[in-house]
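A.B. asks: Sequence first, predicted model second:
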Amino acid sequence: MTSTVPSRAVDLPSPKLGGLDLVPTTDETQKAKDFSSDQEVRWCPGCGDYAVLASVRSFLPELGLKRENIVFVSGIGCSSRFPYYLDTYGMHSIHGRAPAIATGLAVTRPDLSVWVVTGDGDALSIGGNHLIHALRRNMNITILLFNNRIYGLTKGQYSPTSEVGKVTKSTPMGSLDAPFNPVSLALGAEATFVGRALDSDRKGLTEVLRQAAAHRGASLVEIFQDCPIFNDGSFDVLRKPDQSESRVITVRHGEPITFGNEGRHAVVRKGFGLAVAPTAEVAPEDVVVHDATDLELSFALSRLSDQALEHAVFGVLRQVVRPTYDDLARDQVQRAVDGGGADLLELVQGRDTWTVRDGAVLGAVGREGVSR
Ligand SMILES: Cc1ncc(C[n+]2csc(CCOP(=O)(O)OP(=O)(O)O)c2C)c(N)n1
Ligand code: SF4
Ligand SMILES: [Mg+2]
């Protein structure tokens with residue numbers, strides 16, 4: 001069925017710099033084991049975090065970067081133990097604050113590849129504020145948001161991505177909160193790169209990681225991750241072929257969105273949003289062609305992914321070029337150093353600064369004789 005749908009080439013705008021262009025490379029051949037630390041991995045047996053770790057370890061050699069120029073910053077949670085298990089620089093930091101620490105690193109060290117690992121609780125409860133501002137500012141960092149829809153480390157309380165009605169230790173009668181859709185949230189926060197992958201799908205996850213790392217700006221990658229201890233099987237319908245066939249929608253920029261066995265389902269427009277229809281029943285030109293630069297389309301795709309997982313969209317939903325805060329900030333500092341910007345002394349001793357002695361205002365600092 002897919003072959004009957006015409007493809008429309010949509011070129012992605014190319015930025016002046018790629019995400020890693022200022023990071024030193026190495027000629028040494030690297031392997032996944034070079035990125036494995038000597039730390040014993042302490043996740044529960046069967047945890048989805050293992051699969052993500054394995055994919056990241058095998059992907060990192062592909063970048064060909066000096067390991068000492070890679071840093072993984074995490075917050076607090078099971079997923080946030082990630083940096084221990086990689087032989088790169090890393091920081092297991094403060095609950096919810098990984099994006100803030102990564103922001104500082106990205107601004108001051110353009111020679112680093114900066115990654116954030118965070119959980120749904122870490123990123124969206126206590127860290128919600130830091131996350132949205134890192135995205136809005138378009139820091140040159142890659143954020144991996146492990147979404148298991150539960151607080152794992154603290155033993156099973158509901159999180160901002162838990163389903164309505166979810167019974168947990170902290171919601172014995174069912175959760176009342178409407179959950180976040182992290183992809184919609186990131187798009188609303190003006191993220192320039194938003195993708196999604198499933199922990200067990202190494203190929204799909206690696207492809208999204210590859211594009212996220214190459215992107216200059218803030219990349220948010222939501223990873224659906226199973227917590228077999230406190231939220232077992234939460235994404236099983238996306239793994240079992242008989243059920244995933246009608247649910248998993250993988251998008252690729254410039255390609256018509258069809259999915260399922262032989263592309264028998266298609267994504268079509270419905271009002272201002274999108275819907276799914278049998279490909280055989282729609283005209284080829286009515287099948288939506290994915291355009292990662294079209295914000296409205298990306299948002300509509302994010303809304304196709306509902307809590308019940310009737311549909312879940314994977315791949316790169318959005319990718320656009322916008323100046324990064326870190327590049328702009330360094331440029332502004334350099335212009336100030338070159339003498340073209342503001343005068344620091346002028347700012348410190350400006351009009352709104354006074355000398356006060358013995359309870360009397362003597363005058364503006366640096367402006368002898370001027371009293372107020
Ligand atoms: C300031 C502060 N508040 C609360 C906690 C308790 N706490 C630790 S991890 C966590 C949430 C972890 O959930 P998530 O981010 O989803 O990570 P997961 O364990 O599921 O990977 C909480 C509430 C803490 N460590 N520090
Ligand atoms: S509690 Fe859940 S998320 Fe945490 S390590 Fe165990 S299985 Fe993984
Ligand atoms: Mg969690």
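C.D. replies: Perfect, I can see it now. Numbering: from 1, shown residues only. Ligands and ions are numbered 1, 2, ... in the order given.

A.B. asks: Need the residue closest to the centroid of this protein.
C.D. replies: In the chain, the centroid-proximal residue (C-alpha atoms, centre = their mean) is residue 220; its distance is 1.4 Å.

A.B. asks: Give the bridge partners for that one, please.
C.D. replies: In this entry, residue 220 is beta-bridged to residue 143, residue 194, by DSSP bridges.

A.B. asks: so who does it touch?
C.D. replies: Going by C-beta atoms under 8 Å, 6 or more residues apart in numbering, residue 220 touches 135, 143, 145, 182-183, 186, 191, 193-195. Bear in mind the C-beta positions are built from the backbone N, C-alpha and C, glycine included.

A.B. asks: just the residues you listed now: which is nearest residue 160?
C.D. replies: residue 182 (8.8 Å; C-beta to C-beta).

A.B. asks: tell me the contacts of the closest residue to the closest one other than its chain neighbours?
C.D. replies: Residue nearest to residue 182 in three dimensions, not counting chain neighbours: residue 222, with 4.7 Å by C-beta to C-beta, 6 or more residues apart in numbering. Taking C-beta under 8 Å, 6+ apart, we find residue 222 in contact with 145, 147, 182-183, 186, 194-197.

A.B. asks: With respect to ligand 2, which of the residues you listed is nearest?
C.D. replies: Nearest to ligand 2 among those: residue 147, at 10.8 Å, using C-beta to the nearest ligand atom.

A.B. asks: hang on, the closest one packs against residue 223?
C.D. replies: Yes. Between residue 147 and residue 223 there is a contact under C-beta atoms under 8 Å: 6.6 Å.

A.B. asks: Relative to ligand 1, how far out is the closest residue to residue 165 other than its chain neighbours?
C.D. replies: Nearest residue to residue 165, sequence neighbours excluded (C-beta to C-beta, 6+ apart): residue 174, at 4.1 Å. Going from residue 174 to ligand 1 by C-beta to the nearest ligand atom, to the nearest Å gives 19 Å.

A.B. asks: Show me what the helix or strand where residue 249 lies is in contact with.
C.D. replies: If you go by DSSP states H and E, residue 249 is part of strand 248-251. With C-beta under 8 Å, 6+ apart as the test, strand 248-251 has contacts from 204, 238, 257, 259, 265, 267, 276, 290, 292, 301, 304, 311-317.

A.B. asks: now stretch 39-55
C.D. replies: Contacts of stretch 39-55 (C-beta under 8 Å, 6+ apart): 32, 78-79, 81-82, 84-86, 144, 146, 148, 152, 199-200, 202, 205-206, 209, 223-229.

A.B. asks: list the buried ones in stretch 162-171?
C.D. replies: By 16 or more other C-beta atoms under 10 Å, the buried positions in stretch 162-171 come out as 162-163, 166, 168.

A.B. asks: Touching, residue 256 and residue 286? I think so.
C.D. replies: No. At 9.9 Å, residue 256 does not count as touching residue 286 under the criterion of C-beta under 8 Å.

A.B. asks: what would the contacts of residue 220 look like in JSON lines with distance to residue 47, pLDDT and neighbour count?
C.D. replies: Shown next, in JSON lines, are the contacts of residue 220 (distance: C-beta to C-beta, whole Å; pLDDT from 0 to 100; neighbours: other C-beta atoms under 10 Å):
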{"residue": "135", "distance to residue 47": "27", "pLDDT": "98", "neighbour count": "26"}
{"residue": "143", "distance to residue 47": "20", "pLDDT": "98", "neighbour count": "28"}
{"residue": "145", "distance to residue 47": "16", "pLDDT": "98", "neighbour count": "26"}
{"residue": "182", "distance to residue 47": "20", "pLDDT": "98", "neighbour count": "24"}
{"residue": "183", "distance to residue 47": "23", "pLDDT": "98", "neighbour count": "27"}
{"residue": "186", "distance to residue 47": "24", "pLDDT": "98", "neighbour count": "31"}
{"residue": "191", "distance to residue 47": "27", "pLDDT": "98", "neighbour count": "28"}
{"residue": "193", "distance to residue 47": "27", "pLDDT": "98", "neighbour count": "28"}
{"residue": "194", "distance to residue 47": "25", "pLDDT": "98", "neighbour count": "31"}
{"residue": "195", "distance to residue 47": "22", "pLDDT": "98", "neighbour count": "30"}
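
A.B. asks: Need the phi and psi values for residue 166.
C.D. replies: Note on residue 166: its backbone torsions stand at phi -70, psi 130 [degrees, to the nearest 10].

A.B. asks: Having no further points to raise, I will conclude here.
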